[in-house]
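S.K.: Here you go, sequence then predicted model.
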Amino acid sequence: MPAIATLGSHCALQVLKGAKDEGLKTILVCEKKREKLYRRFPFIDELILVDSFKEILEKKCQSTLEQNDTVLIPHGTLIAQMNSEEIESIKTPVFGNKWILRWESDRVMKEKLMKEANLPMPTSVLEPKDINKLVIVKRQGAAGGKGYFLVANEDDYNTKRNQLISEGVISKDETLYIQEYAAGVLAYLQYFYSPLKEELEFFGVDQRHESDIEGLARIPSEQQLKSNKVPSFNVIGNSPLVLRESLLEEVYNMGENFVDAAKKLVAPGMNGPFCIEGVYDENAKFTSFEFSARIVAGTNIYMDGSPYYSLLFNESMSMGRRIAREIKIATESNQLDRITT
Ligand code: ATP
């Protein structure tokens, strides 16, 4: 059986605990500064200590992973800390589709895939001069909402952008992406697609708690106006959500459309966990502003199984464990190459 490895951050604990529950060896690529934290958890069999996660591209790290027939589970930290070329050059088999991670990081490619999947999206605004309503300005890649800001016109855009540049939050030459702001109830829809079963599973929903936009919402508008800080959408944590059951049909349809679109545009498709992120408006209409083509940290709230997986599995099944189960089944049936890239 292969060993399971991941980077020490994001959802590493859940992923490795799930792998251990499935009887697989677990390896954590761990920054030295976090060694003490991760040594607290007995289900981590081996730590590869690094100064920087980029060391997984180096021979030393790769040969340890190779000796253990490792499958690497990608998550948000991999995308945040490495560029697409680096990720694609990883020699260790990556669970899911490492080629689709480029589509997650690049806003133009992202939009193309979401359009192909027929996901209802907020309109994007090409030039700051075209801003004529409330928009959110985002950075490339999985920045986790840090440095994002809201504006309603071009002047406002220039002021806030300049302020963030002078504070060192964003850089001057950074290409920013502008998108219409969609108001409603946040819902991050978490799925798993198994190419072995050719079946889509709906795992759960989470909400993100983002600072300091949430903190701002707790104070009266007079004080909000006095604050001269540009509020950001930095993710602090997640909490669970269950949907009205009448919304589930559409949730499955969106997930299936996404899987079909990914099959068409980026072989071998959307294998493994993914997430469609958006808001429900007052008519329960969903608008999606984002997807993640790998496990999201919001699945951490269901380490002991999610409400929707308790309907599918008669055992506690986290997303981390589901991944390990897929790897086990694929290994036993000699199909590991169908679920890794
Ligand atoms: P990650 O990769 O960690 O998912 P990201 O950096 O790609 O994050 P987004 O998920 O696109 O960022 O946006 C971060 C947050 O900004 C969202 O969680 C949401 O609160 C808010 N947001 C983004 N786009 C919109 C939108 N069009 N309308 C309303 N809110 C939005």
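M.R.: Everything's here; your move. None of these values were measured; they are calculated from a predicted model. Numbers count the residues shown, from 1 in each chain.
S.K.: do the strand ranked longest in the chain and the ligand meet?
M.R.: Ranked by residue count, the top strand of the chain under DSSP state E comes out as strand 199-212. Yes: judged by Cβ under 6 Å from any ligand atom, strand 199-212 comes into contact with the ligand through 208, 210. The C-beta positions use only the backbone N, C-alpha and C, and glycine is treated the same way.
S.K.: Now the element after that strand, going C-ward?
M.R.: helix 213-217 (DSSP states H and E).
S.K.: residues near residue 64, how many?
M.R.: Using other Cβ atoms under 10 Å, the number of residues around residue 64 comes to 18.
S.K.: do the same with residue 271
M.R.: So residue 271, with other Cβ under 10 Å, has 24 neighbours.
S.K.: Same question for residue 108.
M.R.: Residues within reach of residue 108, counting by other Cβ under 10 Å, total 11.
S.K.: again with residue 225
M.R.: 8.
S.K.: And the pLDDT for it?
M.R.: pLDDT, residue 225: 84.
S.K.: host element of it?
M.R.: Using DSSP H and E, the element containing residue 225 is helix 221-226.
S.K.: pull the CA atoms of that helix into PDB?
M.R.: What follows is helix 221-226 as a C-alpha-only set of coordinates in PDB (Å, rounded to 0.1, in the frame of the first residue of the first chain):
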ATOM      1  CA  SER A 221     -22.100  52.100  10.500                       C
ATOM      2  CA  GLU A 222     -20.900  55.400  11.900                       C
ATOM      3  CA  GLN A 223     -17.800  53.700  13.400                       C
ATOM      4  CA  GLN A 224     -17.400  51.700  10.200                       C
ATOM      5  CA  LEU A 225     -17.200  54.900   8.200                       C
ATOM      6  CA  LYS A 226     -14.600  56.400  10.600                       C
END
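S.K.: could I get the helix or strand just after it in CSV with only the CA atoms?
M.R.: Downstream of helix 221-226, the next assigned helix or strand under DSSP H and E is strand 233-241. Output of strand 233-241 as CSV, limited to C-alpha atoms (Å, rounded to 0.1, in the frame of the first residue of the first chain):
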residue,chain,number,x,y,z
PHE,A,233,-11.4,38.9,3.8
ASN,A,234,-8.7,36.9,5.5
VAL,A,235,-10.1,33.5,6.5
ILE,A,236,-9.9,32.8,10.2
GLY,A,237,-12.0,29.6,10.4
ASN,A,238,-15.0,27.7,9.2
SER,A,239,-18.3,26.6,10.6
PRO,A,240,-20.9,24.0,9.4
LEU,A,241,-24.0,24.7,7.5
